[in-house]
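Student: Here is the input, now give the coordinates:
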Amino acid sequence: MTDARLRGEGISVGYGDGPAVLDQVTVRVRRGSFTAIIGPNACGKSTLLRTLARVMRPASGQVLVDGADVARMRARDLATRLGMLPQSPAVPEGITVLDLVSRGRYPHQSVFSQWTREDERVVAEAMERTGVRELAAREVDTLSGGQRQRVWIAMALAQDTELLLLDEPTTFLDITHQIEVLRLLEELRRSGRTIVAVLHELNLAARFATDVIALREGRVVATGTPEEVVTPGTMRAVYDLDCRVIRDPGTGSPVVLPR
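Tutor: Residues are numbered from 1 along each chain as shown. A predicted model of the protein is given here:
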């Protein structure tokens, strides 16, 4: 895939002396795509995302961003190219929305270059795009789950990277807030960013993602568009799920109906 923005080549990852969580996994993330990583619990989804973001180091294989090996990049350089939003990130006590979003600018600052008008502009734009500008003075730990998730995404946007990785960004949110967050990610993709997200809700992944990577027991079972991956055969192979797959009459995206 010549237009791959992010690639994992032959990645194997384990924890301590235990068996490999990922076993010779190779994945490609297309430039300008919204790629959903799906699969059953404990199949290696979050481990794959964390390895792609260099939060974890593979025992073998390599990860490349725009052709550059992330293992050889300085942390600050990587942070200006790739943003990572972990699952359920810890909120510093008493921090306001504005302060948290502003932390996204740290990779762009140095001892000789502190806060600038450009930083202020990027933070304001990130808060505007995520709909949290009116919450600027609120403490983050007083917000609802949906509001809080939008604030974290705003911080990632303030980092001003074209590649954004999110680990289960809709977990613990009700259906309305799940759709709100996914629509925001879809909008960011349309504006030119490349999005990779671990998602559990199959039908929402099929509705919003342009590409899907399906894992089971640390191996890639299928990759492709939602139409190519979300099929009865693949759902059986990945989840042991007997199902029908129909087309959403409004969007044309596949919809999984368990039997």
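
Student: State the number of residues packed around the spatially closest residue to residue 157 that is not a sequence neighbour.
Tutor: Nearest-residue entry for residue 157: residue 126, 3.8 Å, with adjacent residues in sequence omitted and distances by CB to CB, 6 or more residues apart in numbering. C-beta coordinates here come from the backbone N, C-alpha and C atoms, glycine included. Applying other CB atoms under 10 Å, we find 24 other residues in the vicinity of residue 126.

Student: Check which helices and strands the one helix or strand residue 126 maps to sits against.
Tutor: Assigned by DSSP states H and E, residue 126 belongs to helix 117-129. The elements that helix 117-129 packs onto, with contact taken as 3 or more CB pairs under 8 Å, 6 or more residues apart in numbering; DSSP states H and E, are helix 97-102, helix 145-158, helix 175-190.

Student: Other residues contacting the shortest one?
Tutor: With contact meaning CB atoms under 8 Å, 6 or more residues apart in numbering, helix 97-102 is reached by 91-92, 119, 123, 126-127, 132, 135-140, 143, 151-152, 154-155, 158.

Student: Apply 7 Å and report the result again.
Tutor: By CB atoms under 7 Å, 6 or more residues apart in numbering, the residues outside helix 97-102 that reach it are 123, 126-127, 132, 135-138, 140, 151, 154-155, 158.

Student: Just the buried positions in it, please.
Tutor: With burial defined by 16 or more other CB atoms under 10 Å, the residues of helix 97-102 counted as buried are 97, 98, 100, 101, 102.

Student: cool, and stretch 42-61?
Tutor: Applying a neighbour-count criterion of 16+ other CB under 10 Å, one finds 43-54, 56, 58, 61 buried in stretch 42-61.

Student: Also stretch 206-225?
Tutor: Burial within stretch 206-225, assessed by neighbour count using 16+ other CB under 10 Å, is assigned to 206-209, 211-218, 220-223.

Student: about what we covered before: need the contacts of helix 97-102 in a markdown table (columns: distance to residue 37 and pLDDT).
Tutor: Compiled in a markdown table, the contacts of helix 97-102 are given as follows (distance: CB to CB, whole Å; pLDDT from 0 to 100):
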| residue | distance to residue 37 | pLDDT |
| --- | --- | --- |
| 123 | 29 | 95 |
| 126 | 24 | 92 |
| 127 | 28 | 94 |
| 132 | 26 | 94 |
| 135 | 30 | 96 |
| 136 | 32 | 96 |
| 137 | 36 | 95 |
| 138 | 32 | 97 |
| 140 | 27 | 94 |
| 151 | 23 | 93 |
| 154 | 23 | 92 |
| 155 | 22 | 91 |
| 158 | 24 | 90 |
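
Student: out of those residues, which are buried?
Tutor: With burial judged by 16+ other CB under 10 Å, the buried subset of the contacts of helix 97-102 is 123, 126, 127, 132, 135, 136, 140, 151, 154, 155, 158.

Student: From the residues you listed, pick the one nearest residue 84.
Tutor: The shortest distance between residue 84 and any of the buried ones among the contacts of helix 97-102, using CB to CB, involves residue 155 and amounts to 11.0 Å.

Student: and the closest residue to the closest one other than its chain neighbours, helix, strand or coil?
Tutor: Using CB to CB, 6+ apart and skipping residues adjacent in sequence, the residue nearest residue 155 is residue 104, 4.3 Å away. The three-state label given to residue 104 by DSSP: H, G, I helix; E, B strand; the rest coil is helix.
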